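# Build me a model from this:
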Amino acid sequence: MLTTETHPWRTVALCGAVLLLATACGEGHGHSPRQLSEMIAETVRESADSGLPGLGMPDTLFDPARYACTPAVDPELPGGWRSVAPRAAAGGGEPVELGLTDSEAEHSDPVLASVTGPDGETASAEADLTGDAWARLDYPEDFGAGETVPGVYTVVWSDSRSGAPLTCDGFEVE
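The predicted structure is shown next:
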């Protein structure tokens, strides 16, 4: 579904597929609807496998001006997911406390926080989440990551067992 949060490359890919179907089906192109669907599906698979921005790519980034991730992470598990990260820029070299809770207390399994730094490197750490208590981690210590550098960091929380995404947050380092 296209929303205001949809990544521009996804919108272009979807609109291109619709345009291809609309123009190709109106003229004598020699391809059946099934063949056209297979051609579009192959193009989407190639886009996802190439590492280019396109359909199926995990390209969520935190925007510190809006305190939100774009595109948003839609939780795949029920719960009242809430995360916490600093809202003021942290100083370089300072630890950053991150947290996650399920306010509906439906999830009592380990969760995984994956932090992607401004250099594109990702480090992950696991925490136990029980009931509506907060699971807390300190970045970079709990992640085995190097010292923080200036820039924006994106934090994606997921269920450790299934890998299902739960929510996204982030922080900035001066």
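# give me the number of residues near the closest residue to residue 174 other than its chain neighbours?
By the measure of C-beta to C-beta, 6 or more residues apart in numbering, the closest residue to residue 174 outside its immediate chain neighbours is residue 89, 4.5 Å from it. C-betas here are computed from N, CA, C, even on glycine. When neighbours are counted by other C-beta atoms under 10 Å, residue 89 registers 13.
# all helices for the protein, in order.
Ranges of helices within the chain are 8-26, 33-50, based on DSSP state H.
# that older thread, show the contacting residues for the residue nearest to residue 174.
Shown in contact with residue 89 (C-beta atoms under 8 Å, 6 or more residues apart in numbering): 64, 171-174.
# Low-confidence stretches in this structure?
Applying pLDDT under 70 to the chain flags residues 1-58.
# please redo it, this time with the cut-off set to 50
Low-confidence segments of the chain (pLDDT under 50): 1-2, 6, 15, 18-27, 41, 43-57.
# Got the domain ranges for this protein?
8-50, 61-173 (automatic domain parsing).
# Comparing those, which comes out most buried?
Mean neighbour count (mean count of other C-beta atoms under 10 Å) peaks for domain 61-173 among the domains of the chain, with a mean of 16.
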